[in-house]
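>>> Attaching a predicted model along with its sequence, questions to come.
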Amino acid sequence: MYGWIWRHLPGNAWVRALVSLMLALIVVYVLFQYVFPWAEPLLPFNDVTVDNGMAAVR
Amino acid sequence: MTTSKPSGRRRAASVISVVGELLITAGLVLALFVVYSLWWTNVVADRHATKAANKVRQEWAGTPAGGPARGLDTLDGIGFLHVPAMGRNYEVLVKKGTSTEVLNEGVAGYYTEPTPAAMPWDSVGNFTLAAHRDGHGAKFHDIDKIHTGDPIVFESKDTWYVYKVYKILDQTSKYDVAVTDQVPEESGRKKPGRYITLTTCTPVYTSRYRYVVWGELVRTQKVDPQRTPPPELR
């Protein structure tokens, strides 16, 4: 998979490394900005209030 | 290069290598999620909370004492909670509501459901609060450092409300809504009074149980023009 991406990037090894780094940063940005904030409330790690079970899922 | 047609064996090998790479990727994503939960959400929440706290301080400074009724500007926050046991200069802004959106701003929220909180200036009732144990500012991270007898001080625009901790429940069910009752009988008190309740999750990094700290109002003190803190905070 990563080998396939590497082969399909343009330029020489340095350009490919740079583009790979940028792609990785974009992925991290998307994860931090969109995916994790969406996923976090669905996971049972950070509920701090007492409730009757009805309002638990927000 | 894949110019030659791969045999069945080579095809199987490439499938396995893709699966392996996906597993490594999943591991990295999970590690990043931990970084996000325990570090990045704190950065974002603290930035947010500092701004919100400064806004409230500015509003207080801008309006003369005894101006609009206390607690009307609940959208921005009603005041600050000081807990010396959690740090010498510990203070956290208190806002209305305990929804995820409110608490994720790095503040403490007062309950509006299932049992609405009484305000500190009400003649009787329980001022019930919640905040994050980890991530999103982690304002109640050190709640286990609070001991019986420690002071908890709430600062409104014009009054310091000094509470004294009298009971700690270090583990209870998350459905134990009775801890936020206006007369919190689980803490041993049977008569209406002016109580404060702090709730958060426990043990750290999970939310299997709830941790509860109860306090009782000892005295109030008018805020002077210099906002001199009461002796409990010095």
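Noted; the coordinates are in hand.

>>> secondary structure class for B:V183?
coil (DSSP: H, G, I helix; E, B strand; the rest coil).

>>> quick one: B:V29 is in a strand?
No - secondary structure of B:V29 (three-state DSSP): helix, not part of a strand.

>>> Show the average pLDDT along the helix or strand encompassing B:R210.
B:R210 belongs to strand B:209-222 when elements are defined using DSSP states H and E. For strand B:209-222, mean pLDDT is 94.

>>> What's the per-residue pLDDT of the spatially closest residue to B:Y209 that is not a sequence neighbour here?
The spatial neighbour of B:Y209 that comes closest, neighbours along the chain excluded (C-beta to C-beta, 6 or more residues apart in numbering or on different chains), is B:Q171 at 4.5 Å. Placement of C-beta: from N, CA and C, glycine included. Per-residue pLDDT puts B:Q171 at 92.

>>> Next: B:G125.
Note on B:G125: pLDDT of 95.

>>> and the gap between it and B:I196?
10 Å (C-beta to C-beta, to the nearest Å).

>>> ok, the two, which is more surrounded?
Counted by other C-beta atoms under 10 Å in any protein chain shown, B:G125 and B:I196 do not tie: B:I196 has more neighbours, with 26 against 18.

>>> The more buried one contacts B:Y166, doesn't it?
No - the pair B:I196 / B:Y166 is not scored as a contact, 10.2 Å apart, by C-beta atoms under 8 Å.

>>> shared neighbours of those two, anything?
Residues touching both B:I196 and B:Y166 (C-beta atoms under 8 Å, 6 or more residues apart in numbering or on different chains): B:W214, B:G215, B:E216.

>>> Looking at neighbours, which among those is most surrounded?
Highest count within the shared contacts of B:I196 and B:Y166 by other C-beta under 10 Å belongs to B:G215, 29 neighbours.

>>> Just want the phi and psi numbers for the residue nearest the centre of chain B.
By C-alpha atoms, centre = their mean, chain B has its centre lying nearest to B:A131, at 1.5 Å. The phi and psi torsions at B:A131 (degrees, to the nearest 10) take the values phi -160, psi 170.

>>> isn't it right up against B:D142?
No - the pair B:A131 and B:D142 fails to qualify as a contact (C-beta under 8 Å) at a distance of 11.1 Å.

>>> Tell me, how many residues neighbour B:V15?
Other residues close to B:V15 by other C-beta under 10 Å number 10.

>>> Which neighbouring elements make contact with the helix or strand encompassing it?
Secondary structure assignment for B:V15, by DSSP H and E: helix B:8-35. Here helix B:8-35 touches helix A:36-39, going by 3 or more C-beta pairs under 8 Å, 6 or more residues apart in numbering or on different chains; DSSP states H and E.

>>> quick one: the helix it packs on to chain centroid distance?
Chain-centre distance of helix A:36-39: 9 Å, with C-alpha atoms, centre = their mean, to the nearest Å.

>>> Ok, stretch B:126-135 next?
That offset, for stretch B:126-135, works out to 4 Å (C-alpha atoms, centre = their mean).

>>> got it, and stretch B:193-208?
With C-alpha atoms, centre = their mean, you get 9 Å for stretch B:193-208.

>>> quick one: buried residues of that stretch?
B:R194, B:Y195, B:I196, B:T197, B:L198, B:T199, B:T200, B:C201, B:T202, B:S207 (16 or more other C-beta atoms under 10 Å in any protein chain shown).

>>> Can you name the residues bridging to the closest residue to B:L75 other than its chain neighbours?
Leaving aside its sequence neighbours, B:L75 sits nearest to B:K96 (C-beta to C-beta, 6+ apart; 7.2 Å). Beta-bridge partners for B:K96, by DSSP bridges, are B:Y110.

>>> Show the average pLDDT along whichever strand or helix holds A:L18.
According to DSSP H and E, A:L18 maps onto helix A:13-30. Summarised as a single mean, pLDDT over helix A:13-30 is 95.

>>> which outside residues touch it?
Residues contacting helix A:13-30 (C-beta under 8 Å, 6+ apart): A:I5, A:W6, A:L9, A:P10, A:G11, B:L32.
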